[in-house]
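Colleague: based on what follows, work out the 3D shape:
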Amino acid sequence: MEITNENQVPENEVLETRSQDGVKALLNEVDDEDYDTTVVVKDSAKTRKEEAEKAAYDAKLDAALPVAFRGVATIDFGLKLIDSRLGIDEMQGAVLTQATAPVLVKYAVEPPDWYKEWGPEMQLAGAVCFVAFMQYKTLIKLRKIDVAKAKEALKKGEKDGAN
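Modeller: Next up, the predicted model:
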């Protein structure tokens, strides 16, 4: 191990020397051209602001998705009331929901206060009405089938009795 004096310069290394004015000129040059702290601070603040705005938008979008889904489910319900063969399948519902949510965020659409308070009860009432109506429609179809079978049996009975 070789012990050296820290202040001593090795023989093969050349030291650069500058005058005090030369050092000031170099520092001014670096400050003026290469490194502008205001730009760095502005860019950093701008980046933080953009990140905060994106996070806020993403949170609003996440909150709008369930509202959009309920809207799509309402449309599906209406279609099923018209004809049980109609409806919005899962893929169509996802596409509609994803397309609707940004529009809800853009126009700041929110459910009314009374819906926020009574929404679950209203959804339950809607679901019960939907199930009851669909059962009623099914009952009507079954009765039509029963009437058609009875008519067919009468016709068959007449043919059998006439022979």
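Colleague: please look at residue 134 and residue 84 and confirm they touch.
Modeller: Yes - using C-beta atoms under 8 Å, residue 134 is in contact with residue 84, at 6.6 Å. To be clear about C-beta, it is placed using only N, CA and C from the backbone, and glycine gets the same treatment.
Colleague: lowest confidence element among the helices and strands of the chain?
Modeller: helix 20-29 (a mean of 77; mean pLDDT, DSSP states H and E).
Colleague: using CSV, list the CA coordinates for that helix.
Modeller: Output of helix 20-29 as CSV, limited to C-alpha atoms (Å, rounded to 0.1, in the frame of the first residue of the first chain):
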residue,chain,number,x,y,z
GLN,A,20,-10.8,34.1,-11.1
ASP,A,21,-12.3,36.0,-14.1
GLY,A,22,-12.1,32.9,-16.2
VAL,A,23,-14.0,30.9,-13.6
LYS,A,24,-16.7,33.5,-13.4
ALA,A,25,-17.0,33.6,-17.2
LEU,A,26,-17.3,29.8,-17.3
LEU,A,27,-20.0,29.8,-14.6
ASN,A,28,-21.9,32.6,-16.4
GLU,A,29,-21.7,30.7,-19.6
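Colleague: can you give the domain ranges for the protein?
Modeller: 21-110, 114-163 (automatic domain parsing).
Colleague: check the offset of the longest one from the chain's centre.
Modeller: If I follow you right, that is domain 21-110. What separates the centre of domain 21-110 from the centre of its chain is 9 Å, taken as C-alpha atoms, centre = their mean, to the nearest Å.
Colleague: what of the last one?
Modeller: Domain 114-163 sits 38 Å away from the centroid of its parent chain (C-alpha atoms, centre = their mean).
Colleague: for that domain, give the mean pLDDT please.
Modeller: Regarding domain 114-163, the rounded mean pLDDT is 86.
Colleague: please identify the most buried of the domains of the chain.
Modeller: domain 21-110 (a mean of 12; mean count of other C-beta atoms under 10 Å).
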